[in-house]
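>>> pasting the sequence and the predicted model now:
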Amino acid sequence: MLRTKFNSIILLVFGDKEQIDTERYFLTITCFSASLFLMLLCVFHISENLKLAPVILAGSSSLVILGLYFFIRFGTCLYIPKVILSVLGLLMLDLTWYFKYLSNGPVLFFILIFGALLLWVWEGKCLAILLTIYFLNLAVLFVIDFNAPDLLFRYPDVKTRTIDIYLSFLLYSSLLIFLLYMIKKEFIRQKVKAIRSDKLKSAFLANMSHEIRTPMNTIVGFSQLIKDNTDYVKMHQYVNIIKSSSDTLLKLIDDIIDLSKIEAGDMHLSYSGFSIKEMFIELKDIYSIELLRREKGDVKFEYYLPDGDIIVFSDPFRVRQVLSNLLSNALKFTMSGTITLNCEKRNGELLLSVSDTGTGIPEEDHAKIFERFTKFNYQGRNEEGSGIGLSIVEKIVAILNGRIWLTSVMGEGTSFYISIPFISPIFTSNSYIKPQKIMVSDKLGSRKTILVVEDDKTSFLLIKEILSKLDLEIHNVTDGKDAIDFIKLNPATDLILMDLKLPVIDGYKAAFEIRSINPDIPIIAQTAFAMLGDREKAIAAGCNEYITKPLDSKKFQELVKAYLSNQN
């Protein structure tokens, strides 16, 4: 209990070392500790009736360093406090050295320690400059010391000097030992973290190799069977199997990307006001169809909103992702009964739950359920999946400042609960706006001209086949420069489908150049880039829409129709 309380105080004072970088964490510790030790030094000087000047210098230095502590702990800039700590720290030490009996006193040894601190805090050219200043400073101190009168070196008596020297050394050495201990502890932590990361990476690659090859084996194998088969019924069956395996593979790739974002600390939230009821209706539509597809017509899908519709300010995409993952698990393990979504406000929190009447989870597995690569195949109902879905769910909930837990009874079912802070859009600068649907017309009017900027011939052939029913005049160029030249000659082109990774000039630069030729032409980026920031980069370059490969033929066709029909 006492250890937990102590750790809580350390976390409050120094911050979470897992969330902040090592340099900031070390500087926070250094400033707080140095400020505390300088205050103790003041008390010691006053109690021993020593010179007043060192007391004033130590006290003022303590206040300045305490201010730097708050600046570093709660600010964003490190460079300015580092400069102040280095330059002002050395100056204050010099003054204290001068007033405290020069080399006959204890401060000269602490100036030596300060040189080690510079080595830890700075690097590169800045380190070279500050070390040069440091050694020039030592040379100046030597000159002053060499020419100083004997009066400046004299303590009132030998006993006073002995007390001052040894008690000062006690404080200075305690500070040095503490800082070296923290450096050693951080080094060991980073070493252990690196070893664990390397092991996790190896385990991750081994697991992913197996998980990727499994659906790929199905896709490749049944593709070859289609090639050699003329039985329409069997071909239709094979196509459905390939589609299912492709969906599994795509879901796995999305999970890998999400996991990499989380591990790198790059998963950023996009907050907006959204309707819980609309999200529940959408999820019910999707998973009711999925239940029919899996021939689980005996399973009912229900949702409850005891408080009526709830408009909440959070990240709708991530909330939906969490619920979708839990619903997919419920669907796998439930053969009859009910899958239920529930949401209510409780004590300033939004409580969401996903319950099922499936197989249930044994109590001994509850603690392991959120571990990475953990798969439980109860009653043979979990042949699919990579074992990282619930691990991602737990991490996303943590990023949303929430918590997740479960209750389960074997043979009766499982309930997962998610609690996140309830923030109403009323109390934010963003108000809730009901999303408007783009009206799509099946009649595109006159024949439309589109340009497909795609250097991969197979990808272009796929796009051409998907859009073949729309009666379009489709042109293809294979690099960004040719796309710009095409629009210069054909500025009235109705739509551009722009790949982003292109030879000569990439899709980003091409979109930017085309915007100066025709600012109104719709540009849809269709790309295999799906990492953090790629969408924002494409929109900033001038694209109206951003979709990732592999393309969903139905959604892609609807999107193209939407942009073309809105031009009528």
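Okay, I see it. Residues are numbered from 1 along each chain as shown.
>>> pLDDT weak spots in the stretch 401-550 of the chain?
Scanning the stretch 401-550 of the chain for pLDDT under 70 picks out the ranges 426-446, 529-533.
>>> now do the helices for the stretch 51-200 of the chain: every range, in order, please.
With DSSP state H, counting those that start in this stretch, the ranges of helices along the stretch 51-200 of the chain come out as 52-74, 79-99, 107-121, 124-147, 158-227.
>>> need the contact partners of the second one.
Defining contact as Cβ atoms under 8 Å, 6 or more residues apart in numbering, one finds that helix 79-99 is touched by 27, 30-31, 51, 53-54, 57-58, 60-61, 64-65, 68, 71-72, 75, 105, 107-108, 110-111, 114, 117-118, 121-122, 130, 133-134, 137, 141, 144, 152. Glycine gets a C-beta too; all of them are placed from N, C-alpha and C.
>>> reformat the helices of the stretch 51-200 of the chain as a markdown table; add mean neighbour count.
Converted to a markdown table, the helices of the stretch 51-200 of the chain look like this (neighbours: other Cβ atoms under 10 Å):
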| stretch | mean neighbour count |
| --- | --- |
| helix 52-74 | 18 |
| helix 79-99 | 17 |
| helix 107-121 | 16 |
| helix 124-147 | 12 |
| helix 158-227 | 14 |
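>>> confidence-wise, which of the ones you listed is weakest overall?
Of all these, helix 158-227 carries the lowest average pLDDT, namely a mean of 77.
>>> and it with helix 107-121, angle?
Orientation check (axes from the mean of the first three to the mean of the last three Cα atoms, to 10 degrees): helix 158-227 against helix 107-121 gives 10 degrees.
>>> so what secondary structure elements neighbour helix 158-227?
helix 22-47, helix 107-121, helix 232-264 (3 or more Cβ pairs under 8 Å, 6 or more residues apart in numbering; DSSP states H and E).
>>> for the longest one, the distance to its chain's centre please.
Helix 232-264 has its C-alpha centroid displaced from the chain centroid by 24 Å (Cα atoms, centre = their mean, to the nearest Å).
>>> pLDDT of that helix, averaged?
Mean predicted lDDT for helix 232-264 stands at 77.
>>> what's the mean pLDDT across the helix or strand following it?
For helix 232-264, the succeeding helix or strand toward the C-terminus, using DSSP states H and E, is strand 272-275. For strand 272-275, mean pLDDT is 88.
>>> Cys543 against Ile524, yeah?
Yes - counting by Cβ atoms under 8 Å, Cys543 touches Ile524, with 6.8 Å between them.
>>> between the two, which contacts overlap?
By Cβ under 8 Å, 6+ apart, the residues touching both Cys543 and Ile524 are Met498.
>>> which stretches in the stretch 351-500 of the chain count as helices?
389-399, 457-466, 480-489.
>>> using a markdown table, lay out these together with distance to Leu495.
Listed next are the helices of the stretch 351-500 of the chain as a markdown table, based on distance: least, Cβ to Cβ, whole Å:
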| stretch | distance to Leu495 |
| --- | --- |
| helix 389-399 | 35 |
| helix 457-466 | 12 |
| helix 480-489 | 11 |
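>>> mean neighbour count and distance to Val220 added to these, as JSON lines?
JSON lines is the format used below for these (neighbours: other Cβ atoms under 10 Å; distance: least, Cβ to Cβ, whole Å):
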{"stretch": "helix 389-399", "mean neighbour count": "20", "distance to Val220": "25"}
{"stretch": "helix 457-466", "mean neighbour count": "14", "distance to Val220": "16"}
{"stretch": "helix 480-489", "mean neighbour count": "18", "distance to Val220": "33"}
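>>> nearest to Asp254, of these?
Asp254 lies closest, by Cβ to Cβ, to one member of those: helix 389-399, at 9.5 Å.
>>> quick one: residues in contact with the closest one.
Under the criterion Cβ under 8 Å, 6+ apart, residues 255, 258-259, 262, 267, 269, 318, 321-322, 325-326, 328-329, 369-374, 403-404, 418, 420 lie in contact with helix 389-399.
>>> circling back: turn the helices and strands packed on helix 158-227 into TSV, columns for distance to Met279.
Formatted as TSV, those follow (distance: least, Cβ to Cβ, whole Å):
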stretch	distance to Met279
helix 22-47	38
helix 107-121	49
helix 232-264	19
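>>> of those helices, which stretch is the most buried?
Mean neighbour count (mean count of other Cβ atoms under 10 Å) peaks for helix 22-47 among those, with a mean of 18.
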